[in-house]
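[1] Sharing a model prediction with you, sequence too.
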Number of protein chains: 2
Amino acid sequence: MADYKVVIVGATGAVGQEILQVLAERNFPVGELKLCATARSAGKEIFFKGKSYTVEETTPASFDGMDIALFAGGAASKEFGPLAAEKGVVVIDNSSHFRLDPQVPLVVPEVNPEDVKEHRGIIANPNCSTIIMVVPLKAIYDAAGIKRVVVSTYQAVSGAGAEGITELTEHTRAVLDGKEVIPAKFQYQIAFNLIPHIDVFQEMDYTKEEWKMVKETRKILHDDTVGITATTVRVPVYRSHSESINVETKRKITVDEAKKVLADFPGVVVEDDPANKKYPMPLFTSEKDDVFVGRIRQDNSLDNALNMWVVADQLRKGAATNAVQIAELVIKYGCLGKR
Amino acid sequence: MADYKVVIVGATGAVGQEILQVLAERNFPVGELKLCATARSAGKEIFFKGKSYTVEETTPASFDGMDIALFAGGAASKEFGPLAAEKGVVVIDNSSHFRLDPQVPLVVPEVNPEDVKEHRGIIANPNCSTIIMVVPLKAIYDAAGIKRVVVSTYQAVSGAGAEGITELTEHTRAVLDGKEVIPAKFQYQIAFNLIPHIDVFQEMDYTKEEWKMVKETRKILHDDTVGITATTVRVPVYRSHSESINVETKRKITVDEAKKVLADFPGVVVEDDPANKKYPMPLFTSEKDDVFVGRIRQDNSLDNALNMWVVADQLRKGAATNAVQIAELVIKYGCLGKR
C-alpha cells in the first residue's frame, strides 16, 4: 500500500489535534506529513507517532506536491481550499464554506460513500450535529423511509473549539468559588446553564446550526422531501453531542425492527437496556468513533414514528473521524487529484 | 380577610423551603403555621417572616384544627393525605400519588382553576415538567387547538431535591480536582454529563416522568385527543427546567399570533428577541414565578406547527408557586374543608 503526502490545516486546534489522533489510531498510510496553522501557532512542536513536527504558517506553497489536505475548519478553508484543489491536492474540508455547493460532495462514509467519486478537488465534511443524526437516520430511512424529523440537541462546549473547553472550566470554577463569570467564547455563562443559541440567527429565527441540520441532512440523503426541524442548544458538557430525535417514517417500523437495522448499520452501536440503566451518555461516548443510539421507543402519539436518544463524540465522528474516513475512501476509490 | 391555619408537610426539603418562601412573598394569609417533616428533621428551627418555628414530626394530630395542608411530596402524602382530608383539611399535594385519581382535581391555576371547586379534600399539584409545559400550551390550545406535541426536556438537578443540588456540586468539584466521582442520588456522574433517565422505566420503555407529561397534561386540559410524546433528560444545571417543544396545532397559527396569545396569557413571559440574544435560560429564570417562552418559530417542516423553548423554575412555578396559587384559589372560591 502506497503512502500519501498529507497536510493538515489548523493542526493546533481541537479538531486538528483530533485528526492527528485518528490518523495514528487508524494507521492511515501517512508518508510525508505537514502541519499548518495560522502565523500565531507557527513554530509549535507537535508529536505524531513519536516524531516531532514543527507547525508552519499556511501559505499557498504548503500544498505543493501534497496528496491530501485535511482542513480542520475556519477561515483557512475559503482562503486556501480552492487553491490547494487547483494544485491537484484532494481537500477534505471541515468548514461549512463549501458544504452546500452543488459541485462539492458532502459525505458521511456510512451514508453516501459513492459521492466521494464525484469530487472536483474538494470534499466537504458535514456539520457535527448533522453527522451524528444522519448515521442512525439512514438506517431508518433505508428500512422505512422518513417523512419528518423533529430534533433537539444537547451540544458539548468543545463544538466551539478548544476555547469552549477552557471557558466551561473557568466558568465552573468561578461559580464554585463565588467569583465573577466573564463570558468570552459563549454568549452567556455556560457553567450550570443552557444556551439555546449556536452560530448566528438566520431566516425564520432559526440559527445557522439548525439550518445546517436541515439542509446538510437532505443533501447527504439526496432527498429534499425529508422534513427536518431542529432546535440546537449548548449544554455544560465537555465532549460529545446528544440529540433527542423524533422520526416519523413513511412505513411503520417496530421498535424491534428499528433496533435491528440500527445495530446492523455500520458505525452505530445500540445501547438500549433500560432495566440495566444502559443508554448513551456523553461522558461515556467521548473519544469513541461510533454513534450510540438508545431510548428507542415507539412514539406513543403517532403510529409511524419513533423516539431515539443519540450520542456521539462530535470531535471524533462529528469531525475528525469522518474526515479521515473520507480520506480513506479517496484512496480506496483511487480518486486522488491529478497533478 | 381571614387568616388560615396552614400546615406544611416536608417543610425542610427543597420544595418545602420554597413553599415557605412563596407564602411569605405572596403575603398569603397565614394565621397559624405548623411545619412538619420526618422524625429525622424534627426539632430543626426554621424562620418564617422573622419568626422561628420548630419542625415537628408529622403525625395524625398534626392536622387537627388546620385549614390547609401543603404537602411538599414524597411518602408522607400517601400516609397522611387522606387522613388530613378526613379531618376537614384541604390537602394540596405535590406528590404524584393522587394526580391521576379521577376523584382528585389536578390543577394549574392559569389553565384549569375551576377544577379546584370539585375537590373532595385533596387537590393534586402536577409534575414540574408538566406544569411548565402546559401553561404555554394552553395559550396555543385556546387559539388554535393542539393535535400533537413532541417535547424534549433539559431538567435541573434540584428536581431531585436538595440532595441533587449537593451532588452536582460534589461531582463538579471531584471532576475539576481529578478525584473519584461517586454517584448516589443520580444513576451516574451528573457533572458535565447528561442522563436520559428520570424516575423509573415503565411501559413502552418510557420513564414515569415521560408518562406524567403525557397523562397529566391531558387531564389538566380535559382533552385525551392531544397527542404528546416526551423524552426527559437530566442536565447539570442547578435550577429551572428547560423544554424544547414542538406543537402541531389543529388550525394554522402564525408566529406573531402565537407570540401575542402567549404574551397575553397569565403566568407567561415571552422572551424572544434573537437579534439581541434574548431567549430564556435556566440561569436567569431561577427564583422567578413565570414560565418564560422564547425561540418561537414556525416549524419549517410542517405548516401547522411551531417550535418553542420554554424555561421555568421547577421549584417555583413547577412546584411551590403552583401549590400556593391553588391554596389561594381554595380561599377565593370559598371551598375549604368542612369541619
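    Received the coordinates, thanks.

[2] residue boundaries of the helices in the stretch 1-150 of chain A?
    A:14-25, A:75-86, A:128-144 (DSSP state H, counting those that start in this stretch).

[3] between these, which one is nearest to chain B?
    With CB to the nearest CB as the criterion, chain B lies closest to helix A:128-144 of these, at 13.5 Å. The C-beta positions use only the backbone N, C-alpha and C, and glycine is treated the same way.

[4] Identify the residues contacting whatever residue of the stretch 1-150 of chain A ends up closest to chain B.
    Chain B sits closest to A:V150 of the stretch 1-150 of chain A, with a gap of 4.7 Å, by CB to the nearest CB. Residues counted as contacts of A:V150 (CB atoms under 8 Å, 6 or more residues apart in numbering or on different chains) are A:229, A:245-246, B:150, B:246, B:301.

[5] Same list (those) but as CSV, adding secondary structure, pLDDT and distance to B:F201.
    Below are those laid out as CSV (DSSP: H, G, I helix; E, B strand; the rest coil; pLDDT from 0 to 100; distance: CB to CB, whole Å):
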residue, secondary structure, pLDDT, distance to B:F201
A:T229, strand, 98, 28
A:I245, strand, 98, 19
A:N246, strand, 98, 19
B:V150, strand, 98, 20
B:N246, strand, 98, 24
B:S301, coil, 97, 30
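
[6] which stretches of chain A aren't confidently modelled?
    Scanning chain A for pLDDT under 70 picks out A:1, A:338-339.

[7] how does it divide into domains?
    A:4-126+A:319-332, A:130-314 (automatic domain parsing).

[8] Please name whichever of those is nearest to B:Q314.
    domain A:130-314 (13.5 Å; CB to CB).

[9] first to last residue in that closest one, what's the distance?
    10 Å (CA to CA, to the nearest Å).

[10] ok now that domain, how far from the chain's centre?
    Averaging C-alpha positions (CA atoms, centre = their mean, to the nearest Å) puts domain A:130-314 11 Å from its chain's average.

[11] burial count for A:K215?
    17 (other CB atoms under 10 Å in any protein chain shown).

[12] Three-state assignment for it, please.
    helix (DSSP: H, G, I helix; E, B strand; the rest coil).

[13] Kindly report the same for the one 4 residues further on.
    Secondary structure assignment for A:K219 (three-state DSSP): helix.

[14] May I have the beta-bridge partners of the residue nearest to it when sequence neighbours are not counted?
    Take A:K219 and drop its neighbours on the chain: the residue closest to it by CB to CB, 6 or more residues apart in numbering or on different chains is A:L106, 5.0 Å away. For A:L106, the beta-bridge partners under DSSP bridges are A:A124.

[15] so A:L106 touches A:R99, yeah?
    Yes - shown here, A:L106 and A:R99 form a contact pair, counting by CB atoms under 8 Å, at 5.2 Å.

[16] how about A:A69, what does it touch?
    Per CB under 8 Å, 6+ apart, neighbours of A:A69: A:6-9, A:63, A:80-81, A:84, A:89-92.

[17] re the thing from before, tell me the most buried of the helices of the stretch 1-150 of chain A?
    When those are scored by mean count of other CB atoms under 10 Å in any protein chain shown, the highest mean neighbour count falls to helix A:128-144 (a mean of 25).

[18] same for it, what does it pack against?
    strand A:146-154, helix A:208-221, strand A:241-249, helix A:255-264, strand A:268-270, strand A:291-298, strand A:305-312 (3 or more CB pairs under 8 Å, 6 or more residues apart in numbering or on different chains; DSSP states H and E).

[19] Let me know the angle separating it from strand A:146-154.
    150 degrees (axes from the mean of the first three to the mean of the last three CA atoms, to 10 degrees).

[20] Run the angle between helix A:128-144 and helix A:208-221 for me.
    Interaxial angle, helix A:128-144 versus helix A:208-221 (the same axes, to 10 degrees): 40 degrees.

[21] Look up the closest residue to A:A263, ignoring the ones flanking it.
    A:A263's closest residue in space is A:V270 (CB to CB, 6+ apart), at 4.5 Å.

[22] Same question for A:H119.
    Using CB to CB, 6+ apart, the closest residue to A:H119 is A:P105 (5.3 Å).

[23] what's the neighbour count on the one you found?
    There are 23 residues near A:P105, going by other CB under 10 Å.

[24] Isn't the residue nearest to A:A263 up against A:I296?
    Yes - with contacts counted by CB under 8 Å, A:V270 reaches A:I296, the gap being 7.3 Å.

[25] which residues does A:I245 contact?
    Residues in contact with A:I245 (CB under 8 Å, 6+ apart) are A:133, A:136-137, A:149-151, A:307-310.

[26] Tell me the residue of the stretch 151-300 of chain A that sits nearest chain B?
    For the stretch 151-300 of chain A, CB to the nearest CB, closest residue to chain B: A:G227, 3.2 Å.

[27] Please list all residues in contact with that residue.
    A:147-149, A:248, B:300-302.

[28] what's the answer for A:I296, then?
    If you count contacts by CB under 8 Å, 6+ apart, then A:I296 has A:255, A:258-259, A:262, A:270, A:272, A:306-308, B:205 around it.

[29] Recalculate using a threshold of 7 Å.
    A:255, A:258-259, A:272, A:306, A:308 (CB atoms under 7 Å, 6 or more residues apart in numbering or on different chains).

[30] Same question for A:V9.
    A:36, A:58, A:69, A:71-72, A:76, A:80.

[31] repeat that with 8 Å
    A:V9 touches A:16, A:36-37, A:58, A:62, A:69-72, A:76-77, A:80, counting by CB under 8 Å, 6+ apart.

[32] My read is that A:L35 contacts A:V55, right?
    Yes - here A:L35 reaches A:V55: they are 4.9 Å apart, a contact under CB under 8 Å.

[33] Same drill for those two, tell me which one is more crowded.
    A:L35 (25 against 21).

[34] my read: A:V311 touches A:F292, true?
    Yes - using CB under 8 Å, A:V311 makes contact with A:F292 at a distance of 4.9 Å.

[35] and the two? which has more neighbours close in?
    Neighbours were counted for A:V311 and for A:F292 using other CB under 10 Å; A:V311 has more, 31 against 26.

[36] so which strand or helix has the spatially most distant residue from the centre of chain A?
    Most distant from the centre of chain A: A:G178, at 35.5 Å, with distances by CA atoms, centre = their mean. Of the helices and strands defined by DSSP states H and E, none includes A:G178.

[37] Please look at A:E248 and A:A144 and confirm they touch.
    No - if you go by CB under 8 Å, A:E248 and A:A144 don't touch, sitting 9.9 Å apart.

[38] quick one: common contacting residues for those two?
    A:N304.

[39] buried ones in stretch A:44-55?
    A:46, A:48, A:53, A:55 (16 or more other CB atoms under 10 Å in any protein chain shown).

[40] Pull the most distant pair out of these.
    A:F48 and A:V55 (11.4 Å).

[41] what's the overlap in contacts for these two?
    A:L35.

[42] Spit out the contact partners of A:K138.
    A:108, A:110-111, A:221, A:265.

[43] Next one: it relative to A:D177, how far apart?
    From A:K138 over to A:D177 the distance is 46 Å, taken as CB to CB, to the nearest Å.
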